[in-house]
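Colleague: Here is my input, please return the structure:
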Amino acid sequence: MEHLLAYITWDVDPILIHFGDGGIRWYGLLWAVGLYLAYLIQVKLYKHEGCPEDWPDKIFLWMALGVIIGARIGHCWFYEWHYTDDPVQLFAWNIHYRNPYIEHPFDLLKIWEGGLSSHGGAIGLIIAAWGLNKKHFSKEKKFHTSLIWIFDRLVIGVCLTATCIRLGNLMNSEIYGGPTTLPWGFIFVRDGQTEPCHPTQIYEMLYCIVAFVVTWLMYWKGQCYKRQGLIFGVFLEIIFVTRFLLEFIKNDQEAFEANMVLNMGQWLSVPFIIWGIYLILHACRQKTIA
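Modeller: The predicted structure follows:
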C-alpha cells in the first residue's frame, strides 16, 4: 500500500488537434478561453454599475493587446540574456551577455515559438489601461474613472485568465519546480525529466483561484470597489507574494539566474508587492465612494 502512488507521470501531448506540421495547442486555446472569461466578468461588472454598453468590448480589445504584447516583450527582454564567449564592448566594459531579440527584433513577432512573461503581461496591462482610460473612459465624466478604477474591476477576471495560462503551462510540461518526494510530484516526461518535480503550475493555478474568490467576494459582498484601489491592492498581494515565495522551489528559467540571490521573477514581483501594500493602506484611509 505504501507504494500505491509515489508520483504522477505526466506525458500529455501539448497539441490538442494535429494537422500538417502543427495544430491547435492547449496553451493557445487556454489563453483564448482565459481572455474570454475575463471579458464575461467585465460585462457583468460594468452592467451592474450602469456603464456604457460598449465599454466591455473596448476593454477586451485594449487589454488583450496589452497583455499579449507586454508578455512577449517582457519575456524577450527579461529572460533572453545568454552568456557568450564573444563579448560586446560597451565603453570600458566587456558585456558577456547578449540578447538575440536586440539583434533580430522582428523575431519578437514569432509568438508561436513560445516565450511569454506574466510580469511583462502585467506591465502591458497597465500601459493599455492607462491608454484606454485616457482615450475613452475618462470622457464619461459620470464615472470618475482612473487607472486604479479600471484595475479594481479588471483583476477579478484576470485571475481566471491567469488560471487558464498556468494550466496551459502544465499542458506544455514547462515552468515547473525542483525535485520533490511529495506524492503529487510530477515526472515531466516530455521535458526529459526522470524524477518527480513540484508541479508549480498547479500551485499557481490554486492561488489564482483563491485570488478570484477573494476579489469576487470583495466586489459583490463587501462592495469594496467603493474604496478605490482596495481590490486591486489585495489582488497584487495574493498574486505576487505567492509568486515570490514559489520561486524558491521553481527551476530557474534561464542560466543567468543561477548565481542571483533572488531570481528574475522575484525581483520583478517586488515592485508589485510594494504597490499593493500602498494601495491597501491608501484605500483603508479613504472615505467610501457613493
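Colleague: for the stretch 51-200 of the chain, what spans make up the strands?
Modeller: Secondary structure of the stretch 51-200 of the chain (DSSP state E, counting those that start in this stretch): strands located at 82-90, 93-98, 186-188.
Colleague: middle-most residue in the chain, spatially?
Modeller: Centroid check for the chain by CA atoms, centre = their mean gives residue 118 as the closest residue, at 3.2 Å.
Colleague: From residue 209, how far off is that one?
Modeller: Residue 118 sits 16 Å away from residue 209, going by CB to CB, to the nearest Å. C-beta here means a position set from N, CA and C on the backbone, and glycine is covered the same way.
Colleague: Relative to residue 211, how far out is the residue lying closest to residue 66 once chain neighbours are set aside?
Modeller: Once flanking residues are discounted, residue 66 sits nearest to residue 128: 2.6 Å by CB to CB, 6 or more residues apart in numbering. With distances taken as CB to CB, residue 128 is found 20 Å from residue 211.
Colleague: How about the contacts made by residue 71?
Modeller: Counting by CB atoms under 8 Å, 6 or more residues apart in numbering, residue 71 makes contact with 116-118, 120-121, 124.
Colleague: Can you lay out those residues as TSV showing distance to residue 102 and pLDDT?
Modeller: Listed next are the contacts of residue 71 as TSV, based on distance: CB to CB, whole Å; pLDDT from 0 to 100:
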residue	distance to residue 102	pLDDT
116	18	79
117	16	81
118	22	81
120	16	85
121	21	86
124	19	91
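Colleague: does residue 10 really touch residue 173, like I thought?
Modeller: Yes - shown here, residue 10 and residue 173 form a contact pair, counting by CB atoms under 8 Å, at 6.3 Å.
Colleague: Now for these two: what residues contact both?
Modeller: When contacts are counted by CB under 8 Å, 6+ apart, residue 10 and residue 173 are jointly contacted by 188-190.
Colleague: Restricted to buried residues, select those in ChimeraX.
Modeller: This is how ChimeraX selects the buried members of the shared contacts of residue 10 and residue 173, with burial counted by 16 or more other CB atoms under 10 Å:
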select :188
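Colleague: Count the residues that sit near residue 23.
Modeller: 13 (other CB atoms under 10 Å).
Colleague: Residue 161: neighbour count?
Modeller: For residue 161, the count of nearby residues is 27 (other CB under 10 Å).
Colleague: Ignore what I typed, I meant residue 141.
Modeller: Residue 141 is flanked by 7 other residues according to other CB under 10 Å.
Colleague: again with residue 214
Modeller: Residues within reach of residue 214, counting by other CB under 10 Å, total 18.
Colleague: try residue 68
Modeller: Neighbourhood size, residue 68 [other CB under 10 Å]: 17.
Colleague: just to revisit the earlier point, pretty sure the residue nearest to residue 66 is in contact with residue 62, am I right?
Modeller: Yes - using CB under 8 Å, residue 128 is in contact with residue 62, at 4.6 Å.
Colleague: how near is residue 144 to residue 243?
Modeller: Distance, residue 144 to residue 243, by CB to CB: 32 Å.
Colleague: Same drill for these two, tell me which one is more crowded.
Modeller: For residue 144 and residue 243, the more surrounded residue by other CB under 10 Å is residue 243, and the numbers stand at 23 against 11.
Colleague: Check the secondary structure at the more buried one for me.
Modeller: helix (DSSP: H, G, I helix; E, B strand; the rest coil).
Colleague: Setting aside sequence neighbours, what's the nearest residue to it?
Modeller: residue 269 (5.2 Å).
Colleague: who's in contact with the one you found?
Modeller: For residue 269, the contact set (CB under 8 Å, 6+ apart) comprises 119, 240-241, 243-244, 247.
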